[in-house]
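> Here's a sequence, model it:
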Amino acid sequence: MSHTKRLFVFAGAALSLGSATVALAGESVSRDEVRAIVAEVLADSETRSSLLQGGGSAGYDKHFFLASVDNNYRLNFSGYAQFRYIADFRDNDAPDDNFDGGFQSRRVRLEFHGHVVSPELKFFISGDFQDSEGSGVASPTNPGIGNQAGGGFTMKDAFLDYDFAGGFYIKGGQYKLPFLRDELVSDTKQIAVDRSLVNFGFTGGRAQGVELGYRDEAWWFGFSFSDGFNSANTDINSANESDYAFTARGEYAFAGKRDDFAAFTSMQEDDFQGLVGVAGHYQGASNSRAESDEDPEVLVYTADLTLKGGGFSFFVAAVGTYVTTSDTAVAPGRPGLEQNDYALTGQAAYRFLQDTEAFVRYDGIYLDDDAGAGAARAALVEENYNFLTFGINQYFAGHAAKLTIDAVVSLDRGDGATRLSGANILPQGQGPGVGNSIFGTQSGVRAGSDDNAIAVRAQFQLMF
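Down below sits the predicted model:
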């Protein structure tokens, strides 16, 4: 039924209703007065319809949106939820502590993004109801898989991004540092239930800072000056901030376009695609460092390769760290620290059906066993840690509705006294937190005292 026809139907109904109402009320109202009322209603309806058509638009285009008629202002609204069940099996000294299981709302996130004034000035704001980045480490007060720290609404991203002519841009606010590719791929577009354990240990996470860069269909270069690794939601005098930190990353899509690599997975009909990336990060001392202490040096670097096509996908990344501290930076009277740690992660996936995908991943963390590290390494039980993850994805509506089931197997001892289950992969005393524990509620992998600990994880993801 057309808009005009609907108006005539409404007018007829209004006339009938008006007559009936007058009759019921017993009032003397002429037909001309009723017609005048109806004409006024119709004029108001036309005006409102015109305002809707000429004053903007709203709807769903991958995101719910509101936009001005000239598209100089646009607000997109989206979100997602990841609900999990995790079961941990391990051999532990305590006879009744060989199994832990529970449900977990890993992420419940809202995102607002779009542009203002012009499409070149973009904004992105996101927050999470559950995840408390880096705080889900198992401890006597937080021992269980399902006992995730958090629950309140926490800011994740809040930044502006302005595109200059020629592909150059500037970004400022709180955002993910341009470092590990695994971290830069969205939470919703991973292969396994969560990111690699190497990423958990060495990620730069979010920070507050400014980034300059260049991007086009094949290349991306980003250089960031920030408060340092994992310094989100901190103030200028926080001990979790570094005095200075610099991060740089470069990527080149030698087959396909960079936008093709927003997700790790590959569709069966996709052509061959390839991307290579390198990145480095350097940061100085914490803001809380005493003036008499020498600034430690923290250098972290990585290289990665992604290949996709025909339903097959492959990703590999290597990470290295170099850390030096003075004796007072660790503790008075202790020897200084100089170490090199390394890590390697690689994953492969294949869609053997259009919407069904199998995958496998390896994580290896190789810690420096330098005896000169002194007490900072006294609790180290193993120098090398190896993990194997395998599972399956079922896509019901792409990433918008996806079920993932996987298992993570620890091939070495996971003693809770090691650095892997501490606050950081890198040792304490070098400044703000660089990396996080790989054990705890976020990854779902618990520390154990024997080999072959297993975490079975099932996650359903819903996006809107």
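
> Would you mind splitting this protein into its domains for me?
Domain ranges of the chain: 3-54, 57-463, per automatic domain parsing.

> Compare these and say which comes out lowest on pLDDT.
Mean pLDDT per stretch puts domain 3-54 lowest among the domains of the chain, at a mean of 53.

> Report how many residues lie close to the closest residue to residue 166 other than its chain neighbours.
With sequence-adjacent residues excluded and distances taken as Cβ to Cβ, 6 or more residues apart in numbering, residue 166 is closest to residue 214, at 8.0 Å. No exception for glycine: its C-beta is placed from N, CA and C like everyone else's. Residues lying near residue 214 (other Cβ atoms under 10 Å) number 15.

> Renumber starting at 55 from here on
Taking 55 as the first residue, the last one we looked at is residue 268.

> these two touch, right, residue 268 and residue 221?
Yes: assessed by Cβ atoms under 8 Å, residue 268 is found in contact with residue 221 at 5.1 Å.

> Any buried residues in the strand or helix carrying residue 267, and which?
Here residue 267 sits within strand 260-269, counting by DSSP states H and E. Across strand 260-269, burial judged by 16 or more other Cβ atoms under 10 Å covers 260, 261, 262, 263, 265, 267.

> immediately after that strand, which helix or strand?
strand 273-280.

> That next one vs strand 260-269, what angle?
150 degrees (axes from the mean of the first three to the mean of the last three Cα atoms, to 10 degrees).

> same for strand 273-280, what does it pack against?
strand 260-269, strand 299-309 (3 or more Cβ pairs under 8 Å, 6 or more residues apart in numbering; DSSP states H and E).

> Report the angle between the shortest one and strand 299-309.
When you say that, I think you mean strand 260-269. Going by the same axes, to 10 degrees, strand 260-269 makes 40 degrees with strand 299-309.

> For the helix or strand encompassing residue 405, which residues meet the burial criterion?
Secondary structure assigned from DSSP H and E places residue 405 in strand 391-407. Using 16+ other Cβ under 10 Å as the test for burial, strand 391-407 gives 391, 393, 395-405.

> Helix, strand, or coil at residue 220?
Classification of residue 220 using DSSP: H, G, I helix; E, B strand; the rest coil returns helix.

> And residue 236, by the same measure?
helix.

> can you pull the contacts of it?
Residue 236 makes contact with 249, 250, 252, 253, 257, 358, 369, 371, 399, according to Cβ atoms under 8 Å, 6 or more residues apart in numbering.

> Identify the farthest-apart pair in these.
Distance extremes for the contacts of residue 236: the farthest pair is 257 and 369 at 15.2 Å, using Cβ to Cβ.

> So if I had to pick from those two, which one is more boxed in?
Ranked by neighbour count (other Cβ under 10 Å), residue 257 and residue 369 place residue 257 first, with 27 against 23.

> Need the phi and psi values for that one.
Here the main-chain torsion angles of residue 257 (degrees, to the nearest 10) amount to phi -70, psi 150.

> I'd guessed it sits against residue 237; true?
Yes: when contacts are counted by Cβ under 8 Å, residue 257 is listed as touching residue 237 (4.7 Å).

> got any residues that touch both of those two?
residue 249.

> Would it be right to say that residue 498 lies in a strand?
No: per three-state DSSP, residue 498 lies outside any strand segment and is coil.

> Tell me which residues touch it, please.
138, 140, 142, 158, 199, 247, 248, 462, 509, 511.

> Quick check: neighbours of the host helix or strand of the last one in the sheet, parallel or antiparallel?
Taking DSSP H and E as the criterion, the element that holds residue 511 is strand 508-517. Partners of strand 508-517 in the sheet, by DSSP bridges, are strand 128-143 (antiparallel), strand 455-464 (antiparallel).
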